[in-house]
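*Asks:* Turn this into a structure:
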Amino acid sequence: MVTIETCILPMSGPEPSDRFIITADTRRRWSTEEKRAIVEETAQESRSVSRVARRHGISPSLLFRWRRELSEGAQASAPGSEPTFIPVALPAPAMDRVPQPKRCGIIEIELVGGRRIRVDASVDVKVLKRVVDLLDVR
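*Replies:* Predicted coordinates for the structure are as follows:
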């Protein structure tokens, strides 16, 4: 887009001169169809992105950005691209009996005089020896 403004400025001299102010917008506007057509040129095997960009007077980075945007837009607008949930049926967990604490072997010690001591494997050996010594004395 180019705009030209005219303004008349007083000058020293007999006649005023016209002065032109030219404002140019160097940004080009590309329609989606134009972008898509340029991006499709890069899809051909013999065409490099840089060569296509030079031919159209754009930078290669802009062309790469258009490729990314158009591919993301195609993925977003594709039917079924939204995540879907698939029902999964799992078998019920096998209900075993409640696990019983393992009972280690019980040791029964019979002392003189009919006294008995029953202990399991988790007994402290030093404590057991003291108990046996105390009961054996009596």
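
*Asks:* Mind jotting down where the strands sit in this structure?
*Replies:* Assigned by DSSP state E, the chain shows strands spanning 2-9, 17-24, 107-110, 116-119.

*Asks:* Just give me the lowest mean pLDDT stretch among these.
*Replies:* Among these, strand 2-9 has the lowest mean pLDDT, at a mean of 54.

*Asks:* so what are the domain limits for the protein?
*Replies:* In terms of domains, the chain is parsed into 2-77, 107-137 (source: automatic domain parsing).

*Asks:* mind putting these in JSON lines, mean neighbour count and distance to residue 92 included?
*Replies:* In this view, the C-beta of every residue, glycine as well, is placed from N, C-alpha and C. Converted to JSON lines, those look like this (neighbours: other C-beta atoms under 10 Å; distance: least, C-beta to C-beta, whole Å):
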{"stretch": "domain 2-77", "mean neighbour count": "11", "distance to residue 92": "39"}
{"stretch": "domain 107-137", "mean neighbour count": "11", "distance to residue 92": "36"}
